[in-house]
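Asker: Got a predicted structure plus its sequence, pasted below:
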Amino acid sequence: MFNKIFFLAILVGLPLSVIGSMLHWPAVILFVIYCATIVALAGYMGRATESLAIVAGPRIGGLLNATFGNAVELIISIFALKAGLISVVLASLTGSVLGNLLLVGGLSFFVGGLKYKRQKFNVHDARHNAGLLIFGVVVAFIFPEVFSFKLEDNESLTLSIWVSVIMITLYLAALFFKLVTHRGVYQSEHEEEHGHETAEWTKGRAMLVLALATVAVAYVSEKLVHTFEEVGHTLGWSEVFIGVIIVAIVGNAAEHASAIIMAYKNKMNVAVEIAVGSTLQIAMFVAPVLVLISLFFPQPMSLVFSLPELVSMVLAVFLTISLTSDGDTNWFEGLTLLAAYLIMGVGFYLL
């Protein structure tokens, strides 16, 4: 059913996106059209990466889902940087961390837990990811924030550049560790005991769909960014709320759907890899890359978040670690993560 809905949304949304921008329709109407179109395109990206994941295995499959899910977020953020919307970009990065850990993780655990009493995933991966989460969010994001009180703006930017380079290097080293030097070393006995599954699409078709969807997302994302300011004034939303909640949910729609579907199928290794792996990719790769890309624009971006953004990310990380460190989950733990997301969402709405 959702496949048909997404197909119709793309069939209608893409032409309306072009026509609406040419005829200068009201920003709120265009905002809704752009968001719906991006979500539908993300759905197709999710189906394509799921097909590739079946061929590649749970770890690489989760990485593919996270990567192409974050591609939408990266594209939107680049156009926002170009437009000088630094606060929206930082807020969307915050929203991605919160959305992946609390919303995606919470919904995955909750939906999967309604079908299965207990769901297990690789505890070694969970503990490995816990250390990277603490580094990527707590260490690397707090340091520039604390030092920014004593540094000039240009010095804060220099520190952010150094932090970004180090984070990207460590992230690539982490991938090399998991996918090359220690691939299969910590494989869980529960990992992929569900039999062989046939991919929906062939490898070639899946890659073609990914390429076309990414190009379409890039076009619609550029249009979406230009509606933020007017939509914020019309609906009374702050730039922070638009970034933390709206952009993050729209930009990560593909992996949201993929993780929940995998959890429902009791493929928790893939579901957790999507939720946590995507967070790590946002914190340790996407955010640093955006800092480096921003150097080519008139207004460069430092890795200095607001205090509410920073505190919410740190709390989300520690809550997720405390619930996933045992390699076992249930619907109540999922509900706990969702409750935390709702509390933070209300807080950002009221800012």
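Answerer: That came through fine.

Asker: and the residue nearest to residue 329 when sequence neighbours are not counted, how many neighbours does it have?
Answerer: Closest residue in space to residue 329, ignoring its immediate chain neighbours: residue 109 at 4.7 Å, by Cβ to Cβ, 6 or more residues apart in numbering. Every C-beta, even on glycine, is put in place using the N, C-alpha and C of the backbone. Applying the criterion other Cβ atoms under 10 Å, we find 30 residues in the vicinity of residue 109.

Asker: Can you verify my assumption that residue 109 contacts residue 334?
Answerer: Yes. Here residue 109 reaches residue 334: they are 2.9 Å apart, a contact under Cβ atoms under 8 Å.

Asker: In terms of helices and strands, where is the residue nearest to residue 147 when sequence neighbours are not counted?
Answerer: In space, and not counting its chain neighbours, residue 147 is closest to residue 159: 5.9 Å by Cβ to Cβ, 6+ apart. Remark: residue 159 resides in helix 153-176, with elements defined by DSSP states H and E.

Asker: just checking, what packs against the helix or strand just after that helix?
Answerer: Scanning the chain past helix 153-176 towards its C-terminal end, the next helix or strand to appear is helix 203-225 (assignment: DSSP H and E). Contacts defined by 3 or more Cβ pairs under 8 Å, 6 or more residues apart in numbering; DSSP states H and E place helix 203-225 against helix 2-23, helix 27-56, helix 58-82.

Asker: Identify the residues contacting the nearest residue in space to residue 240 that is not next to it in sequence.
Answerer: The shortest distance from residue 240 to any residue other than its chain neighbours is 4.6 Å, reached at residue 91 (Cβ to Cβ, 6+ apart). Taking Cβ atoms under 8 Å, 6 or more residues apart in numbering, we find residue 91 in contact with 239-244, 247, 309.

Asker: try 6 Å this time
Answerer: Shown in contact with residue 91 (Cβ atoms under 6 Å, 6 or more residues apart in numbering): 240, 243-244.

Asker: need those residues in JSON lines with distance to residue 215 and pLDDT, can you?
Answerer: Listed next are the contacts of residue 91 as JSON lines, based on distance: Cβ to Cβ, whole Å; pLDDT from 0 to 100:
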{"residue": "240", "distance to residue 215": "30", "pLDDT": "86"}
{"residue": "243", "distance to residue 215": "24", "pLDDT": "84"}
{"residue": "244", "distance to residue 215": "27", "pLDDT": "88"}
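
Asker: Distance of the residue nearest to residue 329 relative to residue 341?
Answerer: Distance check for residue 109 against residue 341: by Cβ to Cβ, to the nearest Å, it reads 12 Å.

Asker: do residue 304 as well
Answerer: In this structure, residue 304 and residue 341 are 24 Å apart, going by Cβ to Cβ.

Asker: what's the answer for residue 213, then?
Answerer: Here the criterion is Cβ to Cβ. By it, residue 213 lies 27 Å from residue 341.

Asker: Ok, residue 18 next?
Answerer: 34 Å.

Asker: try residue 219
Answerer: When Cβ to Cβ is the yardstick, residue 219 and residue 341 sit 30 Å from each other.

Asker: that older thread, please flag which of the contacts of residue 91 sit within helices.
Answerer: Using DSSP state H, the subset of these located in helices is residue 240.

Asker: Quick one: neighbours of the residue nearest to residue 147, just the number.
Answerer: By other Cβ under 10 Å, 18 other residues sit near residue 159.

Asker: neighbour count winner among residue 219 and residue 341?
Answerer: Relative neighbour count places residue 341 above the other of residue 219 and residue 341, with 23 against 17, counting by other Cβ under 10 Å.

Asker: thinking again about what came up before, out of the contacts of residue 91, which is nearest to residue 127?
Answerer: Closest approach between the contacts of residue 91 and residue 127, by Cβ to Cβ: residue 244, at 28.4 Å.

Asker: What residues sit buried inside the strand or helix carrying residue 289?
Answerer: Residue 289 belongs to helix 287-294 when assigned by DSSP H and E. Within helix 287-294, the residues that qualify as buried by neighbour count (16 or more other Cβ atoms under 10 Å) are 287-291, 293-294.

Asker: Repeat that for stretch 217-231.
Answerer: Of the residues in stretch 217-231, those buried (16+ other Cβ under 10 Å) are 217-228, 231.

Asker: Then stretch 177-184?
Answerer: Applying a neighbour-count criterion of 16+ other Cβ under 10 Å, the buried positions in stretch 177-184 are residue 178.

Asker: Report the backbone C-alpha coordinates of that stretch in CSV.
Answerer: Output of stretch 177-184 as CSV, limited to C-alpha atoms (Å, rounded to 0.1, in the frame of the first residue of the first chain):
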residue,chain,number,x,y,z
PHE,A,177,37.7,-1.9,11.8
LYS,A,178,34.1,-3.2,11.4
LEU,A,179,34.1,-4.1,7.7
VAL,A,180,37.7,-5.2,7.1
THR,A,181,40.1,-6.1,10.0
HIS,A,182,37.4,-7.4,12.4
ARG,A,183,34.6,-8.4,10.1
GLY,A,184,32.8,-11.4,11.6
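
Asker: Okay, buried residues for the helix holding residue 159 please.
Answerer: In terms of neighbour count (16+ other Cβ under 10 Å), helix 153-176 has its buried residues at 156-157, 159-161, 163-164, 167-168, 170-171, 174-175.

Asker: try stretch 306-314
Answerer: Residues of stretch 306-314 classed as buried under the neighbour-count rule (16+ other Cβ under 10 Å) are 308-310, 312-314.

Asker: Same check on stretch 262-277?
Answerer: Neighbour counts over stretch 262-277 (16+ other Cβ under 10 Å) mark 262-263, 266-277 as buried.
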